[in-house]
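Student: Model the following, please.
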Amino acid sequence: MTLEQLRIFLAVAEREHVTRAAAALHLTQSAVSAAIRALEGRHGIALFHRIGRRIELTTEGRIFRTEAAAVLARAEAAELVLSELGGTLRGTLRVQASQTVASYWLPPLLVRFHAACPGVAVEVGAGNTTSVVEAVLRGEAELGFVEGEVAEPALRQAVLARDQLVIVVGPRHPWARAESLRLADLPQSRWVMREAGSGTRAAFEELLRGAGLAPEALSVILELPSNEAVLAAVEADGGATVVSERAAGPHLAAGLLVRAPIVLPPRSFKALRHRERYSSRASRALLALAGADEAAQ
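Tutor: This next block holds a predicted model:
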């Protein structure tokens, strides 16, 4: 098994399409197909279902995808280490970020980082806080960026910025015309929430518990996997939701949503890295640009 085979497999798995993967890798379709057949033939398993002209990952393929991604990430991290030992700053820095951070806070930082370190390519994956923590623990990412609290002793954490959570509703919702709102009033509305594992949802539920209100007291009619999906549902009179002010800002400015009259405490954006793994110069440079303290670097 070679790193090139792993790279090809991951490209096909991501797109579930051989031709598109071949184009992305600048390889011929026959070369990509041959690499997949070699992996499957060597180990006697099917990594993909062939359904007409489509392909889908098998159960074995999904399991292998996680391991392949970790191996490739560690190989690229090793290449970055050798580059740094040779006195240059080149290679690939893998980063995972929660959706709010990846969409609204991280992009300007990456533009500044590219200007400072043009030889380093940054690959960013987005998920929720739980998936980011898992990626850093497995070595699939050298750095993670999340919002809220992370209870994982194997990870070093640094506060980077503050973020404000807001409760928003549609213009026709009763809270859009209310003068004030208490936490005790929150069960009176239907709710649209991010999925379990989301840092936004975890921070909000912790706030409710601290006020003596069980999260189960809220009538959650929808759980959706992204900020934009949640906001779209609330715009369609789905009820209320809680999101970052950064995510809600354009919707509030356009009059599509209204901020409910209640102030929630701020939360933190944090950087995560593994305590026992090598910290590359590239990752330290990115953390420095982000304003992380030396303890996290």
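Student: Which residues in whichever strand or helix holds residue 133 does the neighbour count mark as buried?
Tutor: Using DSSP states H and E, residue 133 falls within helix 129-138. Neighbour-count burial for helix 129-138, counted by 16 or more other Cβ atoms under 10 Å, picks out 129, 130, 131, 132, 133, 134, 135, 136, 137. From N, CA and C alone the C-beta is placed, and that goes for glycine too.
Student: hmm, who's touching it?
Tutor: Here helix 129-138 makes contact (Cβ atoms under 8 Å, 6 or more residues apart in numbering) with 66, 70, 96-98, 125, 127, 141-148, 150, 152, 154-155, 197-199, 202, 272-274.
Student: Could you list the low-pLDDT ranges of the stretch 151-297 of the chain?
Tutor: 293-297 (pLDDT under 70).
Student: Which stretches in it count as helices?
Tutor: 199-210, 227-235, 245-253, 281-290 (DSSP state H, counting those that start in this stretch).
Student: and stretch 234-241, which residues are buried?
Tutor: By 16+ other Cβ under 10 Å, the buried positions in stretch 234-241 come out as 234, 235, 238, 239, 240, 241.
Student: who touches that stretch?
Tutor: Stretch 234-241 is contacted from outside by 167-170, 172-173, 175, 186, 189-193, 219, 221-222, 230-231, 233, 251, 256-257, 260, using Cβ under 8 Å, 6+ apart.
Student: how far out from the middle of the chain is it?
Tutor: Distance, stretch centre to chain centre, for stretch 234-241: 24 Å (Cα atoms, centre = their mean, to the nearest Å).
Student: shouldn't residue 213 be in contact with residue 185?
Tutor: No. Counting by Cβ atoms under 8 Å, residue 213 stays clear of residue 185, with 10.2 Å between them.
Student: Who has more neighbours out of those two?
Tutor: Using other Cβ atoms under 10 Å as the criterion, residue 213 and residue 185 rank with residue 213 on top: 16 against 13.
Student: Can you tell me the closest non-neighbouring residue to that one?
Tutor: Leaving out its chain neighbours, the residue that sits closest to residue 213 by Cβ to Cβ, 6 or more residues apart in numbering is residue 183, at 6.0 Å.
Student: Isn't the one you found up against residue 211?
Tutor: Yes. Taking contacts as Cβ under 8 Å, residue 183 lies within contact range of residue 211: 4.6 Å.
Student: And the strands in the stretch 51-200 of the chain, which stretches?
Tutor: For the stretch 51-200 of the chain, the strands defined by DSSP state E, counting those that start in this stretch occupy 54-57, 91-98, 120-127, 143-147, 155-163, 165-169, 190-194.
Student: Minimum distance to residue 268: which of the ones you listed has it?
Tutor: strand 155-163 (4.7 Å; Cβ to Cβ).
Student: Run through who's touching the closest one.
Tutor: 100, 105, 133, 136-137, 144-145, 147, 150, 244-246, 266-275, 287, 290-293, 295-297.
Student: and the residues you listed, which are buried?
Tutor: For these, buried by 16+ other Cβ under 10 Å: 100, 105, 133, 136-137, 144-145, 147, 150, 244-246, 267-274, 287, 290, 292, 296-297.
Student: Next up, the contacts around residue 165.
Tutor: 200, 203, 204, 242, 243, 244, 245, 264, 265, 266, 267.
Student: Which one of the residues you listed is nearest to residue 116?
Tutor: Residue 116 lies nearest to residue 244 out of the contacts of residue 165, by Cβ to Cβ, at 26.5 Å.
Student: What separation do you get for that closest one and residue 138?
Tutor: 26 Å (Cβ to Cβ, to the nearest Å).
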